[in-house]
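1. Fold the following.
(one chain, ligands or ions: 3)
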Amino acid sequence: MKVSTEEMRSLLKTYFIMGSQNCDEDPREVLKDAIHGGITLFQFREKGDQALVGEEKIRLAKELLEICKHYQVPFIVNDDIDLALKINADGVHIGQDDEPAEQVRKKIGDKILGISAHNQEEVEAAINQGADYIGTGPVFPTETKKDTEAVQGTILVQELRKQGISIPIVGIGGITPENAASVVKGGADGVSVITAISKAKSPKEQARLLKAAVDSVMQ
Ligand SMILES: Cc1ncsc1CCOP(=O)(O)O
Ligand SMILES: C=C1C=NC(C(F)(F)F)=NC1=N
Ligand SMILES: [Mg+2]
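-> Ligands and ions are numbered 1, 2, ... in the order given. Here you go, the predicted model:
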């Protein structure tokens, strides 16, 4: 599904990312709760030593995709392009160490292509390679991803916006309802979050608070 730039921008507002390894409860229940709280986009990121693999990973992906379909929340797959194509996901997200973006774009056609970028060069390359959005971070310290780049606040996003770079950008890393507004004030179009929702007592309440924080800056 070819999304317009402005549609992509609004999808990034409250972007929940999760895999079973990020959840203490049933991931299907966590996702349903987060959707009721108003998340605008979902990324299936089944990765790391506790993550599912093979048939179990595919089965969970299909179950979470069905939930997203029911509530019309677009479904992005992290890293695993073949899985995204197999289940007909709405898009993929790749990092700098994944398959080259040109190759990925050939495989996925008009699906959404998100690329992680940590500096100006990587952002410009991602734009030239046809990224629909950029993920930058970590904005704040995070325990969730062990091998992150240096914590960068919103310095990079502010710099990019000063240069008139208008591609949809989402911040990631250590984001909570308390600091979400500062990410958007810094120039991001929205926030992406793992722990603040996946480990919450009420994923619904956290999603709602995150969305309210983002919308409070947008007015
Ligand atoms: C995948 C990823 N990329 C940069 S930080 C991060 C983890 C974000 O997780 P959390 O929202 O729990 O800090
Ligand atoms: C490492 C990542 C960085 N950014 C993003 C997103 F928020 F989607 F842009 N997803 C990832 N998996
Ligand atoms: Mg990756």
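2. measure the closest residue to Val92 other than its chain neighbours to Val183 for me?
-> Spatial nearest neighbour of Val92, excluding adjacent residues (CB to CB, 6 or more residues apart in numbering): Ala84 at 4.7 Å. Yep, even glycine has a C-beta here, placed from its N, CA and C like the rest. Distance, Ala84 to Val183, by CB to CB, to the nearest Å: 26 Å.
3. More neighbours: which of these two?
-> Val183 (30 against 26; other CB atoms under 10 Å).
4. I'd assumed that one was in a helix, is it?
-> Yes: checked against DSSP: H, G, I helix; E, B strand; the rest coil, Val183 lies within a helix.
5. what does stretch 85-102 rub up against?
-> Identification of contacts with stretch 85-102 by CB atoms under 8 Å, 6 or more residues apart in numbering yields 1, 43-45, 58, 61-62, 65, 74-81, 83-84, 104, 107-108, 111-118, 122, 125-126, 129-132, 135.
6. one more time with 7 Å, if that's ok
-> 1, 43, 61-62, 65, 74-79, 81, 84, 104, 107-108, 111-116, 122, 126, 129, 131, 135 (CB atoms under 7 Å, 6 or more residues apart in numbering).
7. Point out the ones among those residues that are inside helices.
-> The helices, defined by DSSP state H, take in Ala61, Lys62, Leu65, Ile81, Ala84, Val104, Lys107, Ile108, Glu122, Ala126 from the contacts of stretch 85-102.
8. quick one: which of these is nearest ligand 2?
-> Of all these, ligand 2 sits closest to Ala126, with 10.6 Å by CB to the nearest ligand atom.
9. so what's that closest one closest to, chain neighbours aside?
-> Leaving aside its sequence neighbours, Ala126 sits nearest to Ile115 (CB to CB, 6+ apart; 4.1 Å).
10. Specify the beta-bridge partners of that neighbour.
-> Ile94, Ile134 (DSSP bridges).
11. okay, it: pLDDT?
-> The model reports Ile115 with a pLDDT of 98.
12. what's near enough to touch it?
-> By CB under 7 Å, 6+ apart, the residues touching Ile115 are Ile94, Ala101, Ala126, Ala131, Ile134.
13. how near is the first one to Ala51?
-> If I follow you right, that is Ile94. 17 Å.
14. do the same with Lys2
-> 30 Å.
15. Counting neighbours, go ahead and name the busier of those two.
-> Between Lys2 and Ala51, counting by other CB under 10 Å, Ala51 is the more crowded of the two (15 against 9).
16. Need the pLDDT of the more buried one.
-> 97.
17. Pull up the residues of the chain that are close to ligand 2.
-> Residues of the chain found near ligand 2, taking CB under 6 Å from any ligand atom as the criterion, are 15, 17, 43, 45, 78, 93, 95, 114, 116, 135, 170, 172, 192.
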